[in-house]
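Asks: my questions concern the predicted model and sequence given below.
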Amino acid sequence: MSEALANLLNETRQFPPPAALAANANVTAGAYEEAAADRLGFWATQAHRLTWAKEWDQVLDWSNPPFAKWFVGGQLNVAYNCLDRHVEAGLGDRVAIHWEGEPGDTRTITYAELHRLTCQAANALTDLGVAAGDRVAIYLPMVPEAAVAMLACARIGAVHSVVFGGFSADSLTNRIQDASAKVVITADGGFRRGKPSALKPTVDEAVANCPSVEHVLVVRRTGEEVAWSAKDHWWHETVETASTEHAAQPFDAEQPLFILYTSGTTARPKGILHTTGGYLTQAAYTAWAVFDLKPETDVYWCTADIGWVTGHSYIVYGPLANGATQVMYEGTPDTPHKGRFWEIVQRYGVTILYTAPTLIRTMMKWGEDIPAQHDLSSLRLLGSVGEPINPEAWMWYRQHVGRGELPIVDTWWQTETGAMMISPLPGVTETKPGSAMAPLPGISADVVDDQGQSVPNGGGGYLVLREPWPSMLRTIWGDDDRFIETYWSRFEGMYFAGDGAKRDDDGHIWLLGRVDDVMLVSGHNISTTEVESALVSHPSVAEAAVVGATDPTTGQAIVAFAIPRGTVDTAGEAGEQLIADLRNHVARTLGPIAKPRQIMLVPELPKTRSGKIMRRLLRDVAENRSLGDVTTLQDSSVMELISSGMGGGK
Ligand code: WT7
């Protein structure tokens, strides 16, 4: 990346950890030194957080890169580690999940009960013919049965493939077919935006084209009428009548645990394969270290859906392996009102909140008076994941959710990495708004140039991982060649993450978005993230998306889409004036080279169901093309709103 870029981000604010948290933190600065001195020894120590039926012979076998084997020869059972051992330790009465449905119904599930339910589901799946190594597709709303289904698969060594409940019949079909799933676990539906949203009809449509599927297990959630076939079984008649006794058998450390398909907005989805011992080690360690998790006293809440990797690692496996108490919420943040999240924080006394920048920016748009109406004093730590967090969104989160004092952990990782990789440690790191800061202990991330050389402080380039890590993907399901080609071919001997990054003058890492989202303007590389952050730092802007559009003079030109904050006047002249102000504001903040050619004020932005902005569609608008495929959009009407409001001040 260019010299110009190195100066683009001039963030100088820095916040030390609160003294009380630092004094009592799970992890101190010594962890970095310990891991640097002996990386594999460090991970072996972390693996001892788990209960192994058989100790490993070798921590890492990297004799056939990029195919890693961690904790070779070790044996363990994931569900035993998440449930049985806590119950055996006398913690059966501890709440595992405070569940809240969107309509307001609640369930309190202790570790003992979660254990019983998982044993029943394990027995029921076994009765349906599921054996170790078989694949089970899970297509459920955010109900406790989703966690139970995953843990039951893990318990019997079956491989789960969770498909997000918002995906279409086609997406579900492709995923079931790719993995040849034998059983599908679903529900009649779930509640979203105040009404039942059916799932079973989608499964029926998919299963009609999936001969591998022998049985469909159906949780009754909404009570709506569903079509029924010979393959269908009600969960309450099958699982809830099964024996609650089930002995967890140990599996090899490299037993496949799950496949999770990456969103794939353009190409064919990739089935990311994760295995057992290394995955659980890193999920458990990072949940404990990065959230400073104290299972006896904390109430943790991750707002992600279980259909994403965040839900896998930081709703199910990481927190449960630690014996934590958590909140799980079924619905949307604005049903029945925009304070729903804060009401939940207050009701359960949530201490640790893990959410996404897209949600924080939405909350900014709704206004700070909404969190201010609730008692958020139980919170002690905030987390962010999914995208680069703009410095102003970070500051808003700290100010209006974190009382201006809570630490924020901005955690960089991917479906492929399985667990957190780059993040502050809350009791150690002096955080900078918008920076994920430094690789976690035991992780070797680097920023390299085109040639794969480390860039000096102040430089920018590509994010890579130089050494294997325990929770790394093992391959793409059924496609080793694509695994090598996608991740291990760009730079010799390094994992290519696909993200642009910058190392600041102190050596701290700033993520700049996917490399496909870097623009080339008059020979300068400019990251969409930096221009977006500059726009969001203007008091009138809640959220922004930036794309590069082909331009006859500059190669690419910067085109921005901005959502004004709630109270901002954008009619007629006022809108024109705001656009002019914003263009100047970006030029002042980042330099004239980054001044957008065009800014459009829009009411919404197109996002994937995981909350990422679909820049591809915005590029179509910016270049006056007809729109490409919109089927992975969260809300397809958004594009009509944007296209019809184009050009003007509204
Ligand atoms: C991509 C991975 C990790 C769970 C959810 C997303 C972006 C993720 C951050 C962050 C900047 C981030 C990257 C990454 N990303 N977290 N803290 N700062 N960017 O998983 O769907 O596999 O997406 O999300 O671009 O490559 P995913």
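Replies: Arrived safely, thanks for sending.

Asks: what's the pLDDT at residue 625?
Replies: For residue 625, the pLDDT comes out at 73.

Asks: now it, nearest residue through space, not along the chain?
Replies: Leaving aside its chain neighbours, residue 625 sits nearest to residue 619 (8.0 Å; criterion: Cβ to Cβ, 6 or more residues apart in numbering). From N, CA and C alone the C-beta is placed, and that goes for glycine too.

Asks: and for the one you found, the neighbour number?
Replies: 18 (other Cβ atoms under 10 Å).

Asks: and it, how far is that from residue 516?
Replies: The gap separating residue 619 from residue 516 is 10 Å, by Cβ to Cβ, to the nearest Å.

Asks: list the residues that contact residue 469.
Replies: Counting by Cβ atoms under 8 Å, 6 or more residues apart in numbering, residue 469 touches 278, 282, 417, 421, 442, 443.

Asks: these into CSV, with extra columns for neighbour count?
Replies: Below are these laid out as CSV (neighbours: other Cβ atoms under 10 Å):
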residue, neighbour count
278, 30
282, 30
417, 24
421, 25
442, 27
443, 24
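
Asks: any chance you could map the helices in the stretch 251-400 of the chain?
Replies: 277-290, 309-311, 318-321, 340-348, 357-366, 369-372, 391-396 (DSSP state H, counting those that start in this stretch).

Asks: of all these, which one is nearest residue 562?
Replies: helix 357-366 (11.3 Å; Cβ to Cβ).

Asks: that closest one and the ligand, are they touching?
Replies: No - counting by Cβ under 6 Å from any ligand atom, the ligand has no neighbours in helix 357-366; the shortest distance is 7.9 Å.

Asks: that helix vs helix 340-348, what angle?
Replies: Helix 357-366 and helix 340-348 are oriented at 100 degrees to each other (axes from the mean of the first three to the mean of the last three Cα atoms, to 10 degrees).

Asks: I'd like the average pLDDT over helix 357-366.
Replies: The model assigns helix 357-366 a mean pLDDT of 92.

Asks: list the buried ones in it?
Replies: Using 16 or more other Cβ atoms under 10 Å as the test for burial, helix 357-366 gives 357, 358, 359, 360, 361, 362, 363, 364, 366.

Asks: Three-state assignment for the closest residue to the ligand within the stretch 501-650 of the chain, please.
Replies: Nearest residue of the stretch 501-650 of the chain to the ligand, counting by Cβ to the nearest ligand atom: residue 511, 3.5 Å away. Secondary structure for residue 511, judged by DSSP: H, G, I helix; E, B strand; the rest coil, is strand.

Asks: quick revisit: separation between the residue nearest to residue 625 and residue 593?
Replies: Per Cβ to Cβ, residue 619 is found 20 Å from residue 593.

Asks: also residue 280?
Replies: Residue 280 is 47 Å from residue 593, by Cβ to Cβ.

Asks: which one's more surrounded, the two?
Replies: A count of neighbours by other Cβ under 10 Å puts residue 280 above the other of residue 280 and residue 593, at 32 against 17.

Asks: would you confirm that the more buried one contacts residue 52?
Replies: No - under the criterion of Cβ atoms under 8 Å, residue 280 is not in contact with residue 52, lying 10.4 Å apart.

Asks: what do these two both touch?
Replies: Residues touching both residue 280 and residue 52 (Cβ under 8 Å, 6+ apart): residue 76.

Asks: can you pull the contacts of the residue of the stretch 201-350 of the chain at minimum distance from the ligand?
Replies: Closest residue of the stretch 201-350 of the chain to the ligand, Cβ to the nearest ligand atom: residue 310 (4.6 Å). Neighbour list for residue 310: 302, 304, 354, 385, 386 [criterion: Cβ under 8 Å, 6+ apart].

Asks: ok, the first one - how many residues close by?
Replies: A total of 27 residues lie near residue 302 under the criterion other Cβ under 10 Å.
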